[in-house]
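*Asks:* Mind looking at a prediction? Sequence and model below.
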Amino acid sequence: FPGVVYNYDQQGVHRDAGGWEECICVPLVHPDVSELLQRWDELLEEFSLEEAWLPHRYEEQRHNCYTFALAFVNRVRRGRGREPLSKARFTESFLLPHTRQAARYLSLQRELAHRDFYIVPLAEEERDS
């Protein structure tokens, strides 16, 4: 996905247009919530400028990039009248399914890289069934 990745570390909030090509993109909003999607960047920019995300507030174990992401998600959820997510629930519901899928993909990719074979596209009638 082209765009900007917001991340938070001991130097504060960063907005990176590159360097995240090998990250996992986790969809957080259903595509049919267009009004939220249109405001997402604006909300994220406003959130990232808050005092809580200044560099001196960073703590590796308790106030980090994960905290930044979860706090933003919970801010958006509260604005929509929804309950905030705990770290455990956020991890279980949003992150683990995508990391498991990525792990399966990487495992398959490693297997394919060490074997001699090729992939043949399905014939038209096989694709339709």
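*Replies:* Perfect, thanks for sending it.

*Asks:* So the closest residue to Leu28 other than its chain neighbours, which state does it fall into?
*Replies:* Once flanking residues are discounted, Leu28 sits nearest to Val73: 6.1 Å by C-beta to C-beta, 6 or more residues apart in numbering. All C-beta atoms are positioned from the backbone trio N, CA, C, and that covers glycine. Secondary structure of Val73, reduced to three states by DSSP: H, G, I helix; E, B strand; the rest coil: helix.

*Asks:* residues contacting Val73?
*Replies:* Residues in contact with Val73 (C-beta atoms under 8 Å, 6 or more residues apart in numbering) are Leu28, Leu85, Phe90.

*Asks:* Return the per-residue confidence for it.
*Replies:* In the predicted model, Val73 carries a pLDDT score of 95.

*Asks:* again, but for Arg110
*Replies:* Reported pLDDT at Arg110 in the predicted model: 86.

*Asks:* Can I get the helix or strand it falls within in CSV? Just the C-alpha atoms.
*Replies:* Secondary structure assigned from DSSP states H and E places Arg110 in helix 96-113. C-alpha atoms of helix 96-113 as CSV (Å, rounded to 0.1, in the frame of the first residue of the first chain):
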residue,chain,number,x,y,z
LEU,A,96,-2.2,-12.6,15.5
PRO,A,97,-4.4,-13.6,12.5
HIS,A,98,-2.2,-11.5,10.1
THR,A,99,1.1,-12.7,11.6
ARG,A,100,0.0,-16.3,11.4
GLN,A,101,-0.9,-15.8,7.8
ALA,A,102,2.4,-14.1,7.1
ALA,A,103,4.3,-17.0,8.9
ARG,A,104,2.5,-19.5,6.7
TYR,A,105,3.3,-17.5,3.6
LEU,A,106,7.0,-17.2,4.5
SER,A,107,7.2,-20.9,5.4
LEU,A,108,5.7,-21.8,2.0
GLN,A,109,8.1,-19.3,0.3
ARG,A,110,11.1,-21.0,2.0
GLU,A,111,10.0,-24.4,0.9
LEU,A,112,9.5,-23.3,-2.7
ALA,A,113,12.9,-21.7,-2.8
